[in-house]
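In: output the structure for:
(chains A, B, C and D)
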Protein chains: 2
Amino acid sequence: MPLVSNVLRPFAALDDTDRAILAELSANGRLANNALAERVRVAPSTCLARTRALRESGAIRGFYADVDPAALGLPLQALVSVRLTEHARAAVDAFRARSVRLPGVVSVFHVAGAEDYVLHVRAASAEALRDFVLDHLAVDPAVQHTQTSLIFEQARGLG
Amino acid sequence: MPLVSNVLRPFAALDDTDRAILAELSANGRLANNALAERVRVAPSTCLARTRALRESGAIRGFYADVDPAALGLPLQALVSVRLTEHARAAVDAFRARSVRLPGVVSVFHVAGAEDYVLHVRAASAEALRDFVLDHLAVDPAVQHTQTSLIFEQARGLG
DNA sequence: GGTGAAACAGAGACGCG
DNA sequence: CGCGTCTCTGTTTCACC
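Out: Residues are numbered from 1 along each chain as shown, chains lettered A, B, ... in the order given. Okay, here's the model as predicted:
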């Protein structure tokens, strides 16, 4: 196992065009290749090749629609902090693998500090949120402690 | 000002087709209308009208590329909990408006509980992260206290 | 690596059941 | 409302610089 984390391995150096493409697409994932090419000042075919390379290198991980959770009948959101009982790699990895598959889980953050994980979850109601925590987390022997903070509002930053 | 938050206003009831469209697009925001129509079992023109209606009703808030922050030279991510000095609406709203515009801020969560805000931020280095907190948060008179948790890993959930 | 033109596919408008 | 057809725009390939 390498001592240096993969996360620190630099990407093939991105030039200004690549960075401009990433900026445009993170603000508007459905921008047409034509329009994107015009904004970043290259020909459409060049732009297409760049964008494809960015996708294949992993710089672009995917494209997603931002769906209002309220529309899906999940008006509540919460951040649930989770502390595990043990911190061996196997236990930690297993918890992450399990938690991303739980219903309503938007994002799973493995964090340093007093807590081990922070789960961003959506729920239909306060009862559903309670049930989520009780049925999926509290019963998990790997979970020592959870703390749930209801999200009043979420705003998207600029990056 | 209404006593009942806008967030609680129900959307025009969505049927199974609408929900299927939302599910497909949140998993793959660039799915072509043709392919989307086939998956949700309606004609392309119908699918297009549905999707447009979902965008206009606000059920779909936008489309975004998920860019690996490491590719942008921002390999570090953190969750920064922020407690404010006062909790009057004006102060709280102002903080949110300010924080979403700060460089590196991905998302701002206004939460219930001991903390008032949780900021999901990206940074180029540990020093940059420290500078972000010191220069933008610690000096803010509205901010009473912050706590920074480095993110080791983030995984995207299904729901 | 970047470009332009040419073949191809998808988006979007409209009139009909 | 949902559907099929039509046009038009954007995508993608490829030979060339």
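
In: can you give me the strands in chain A?
Out: Secondary structure of chain A (DSSP state E): strands at A:60-67, A:76-84, A:105-111, A:117-123, A:143-156.

In: now the first one: buried residues?
Out: Same thing as strand A:60-67. Buried residues in strand A:60-67, counted by 16 or more other C-beta atoms under 10 Å in any protein chain shown: A:60, A:63, A:64, A:65, A:67. The way it works is simple: take the backbone N, C-alpha and C, and place the C-beta from them, glycine included.

In: can you list the weak-confidence ranges in chain A?
Out: Low-confidence segments of chain A, defined by pLDDT under 70: A:1-12.

In: and chain A, split by domain according to the record?
Out: Split into domains by automatic domain parsing, chain A comes to A:16-57, A:69-151.

In: which of the ones you listed sits closest to residue B:141?
Out: domain A:69-151 (24.2 Å; C-beta to C-beta).

In: how long is that closest one end to end?
Out: End-to-end distance of domain A:69-151: 12 Å, with C-alpha to C-alpha, to the nearest Å as the criterion.

In: quick one on the thing from earlier: to DNA strand D, which of the strands of chain A lies closest?
Out: strand A:60-67 (12.1 Å; C-beta to the nearest atom of the strand).

In: is any part of that closest one close to chain B?
Out: Yes. Under the criterion of C-beta under 8 Å from any C-beta of the partner chain, strand A:60-67 makes contact with chain B via A:60, A:61, A:62, A:63, A:64, A:65, A:66, A:67.

In: quick revisit: export the buried residues of strand A:60-67 to CSV and tack on distance to residue A:54?
Out: What follows is the buried residues of strand A:60-67, written out as CSV (distance: C-beta to C-beta, whole Å):
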residue, distance to residue A:54
A:60, 5
A:63, 12
A:64, 16
A:65, 20
A:67, 24
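
In: among those residues, which pair sits farthest apart?
Out: So, the buried residues of strand A:60-67 by C-beta to C-beta: farthest apart are A:60 and A:67, at 19.6 Å.

In: ramachandran angles for the residue in chain A sticking out farthest from the centre?
Out: Going by C-alpha atoms, centre = their mean, the residue of chain A most distant from its centre is residue A:43, 31.9 Å out. Residue A:43 adopts backbone torsions of phi -70, psi 150, taken as degrees, to the nearest 10.

In: distance-wise, check it relative to residue A:34.
Out: Relative to residue A:34, residue A:43 is positioned 10 Å away (C-beta to C-beta, to the nearest Å).

In: nearest to residue B:28, of the buried residues of strand A:60-67?
Out: For those, the nearest to residue B:28 is residue A:63 (6.7 Å; C-beta to C-beta).

In: now do the contacts for the closest residue to that closest one other than its chain neighbours.
Out: Spatially, and ignoring its direct neighbours in sequence, residue A:63 is nearest to residue B:29 (3.8 Å; C-beta to C-beta, 6 or more residues apart in numbering or on different chains). Contacts for residue B:29 (C-beta atoms under 8 Å, 6 or more residues apart in numbering or on different chains) come out as A:29, A:30, A:62, A:63, A:64, A:65, B:63, B:64.

In: please name the nearest non-neighbouring residue to the second one.
Out: The shortest distance from residue A:30 to any residue that is not its chain neighbour, by C-beta to C-beta, 6+ apart, is 4.2 Å, and that residue is residue B:63.

In: wait, the one you found sits on residue A:32?
Out: No. Residue B:63 sits out of contact with residue A:32 when judged by C-beta atoms under 8 Å, with a separation of 11.7 Å.

In: which parts of the helix ranked longest in chain A are buried?
Out: When chain A is parsed with DSSP state H, its longest helix is helix A:44-57. Using 16+ other C-beta under 10 Å as the test for burial, helix A:44-57 gives A:47, A:50, A:51, A:54, A:55.

In: surely residue A:141 meets residue A:85?
Out: Yes. Taking C-beta under 8 Å as the definition, residue A:141 is a contact partner of residue A:85 at 7.0 Å.

In: what parts of chain A come near DNA strand D?
Out: A:32, A:33, A:34, A:35, A:44, A:45, A:48 (C-beta under 7 Å from any atom of the strand).

In: relative to residue A:47, how far out is the first one?
Out: Counting by C-beta to C-beta, the separation of residue A:32 from residue A:47 is 10 Å.

In: what parts of chain A come near DNA strand C?
Out: So far as C-beta under 7 Å from any atom of the strand goes, chain A lies against DNA strand C at A:17, A:42, A:43, A:44, A:45, A:46, A:49, A:50.

In: cheers, nothing more for now.
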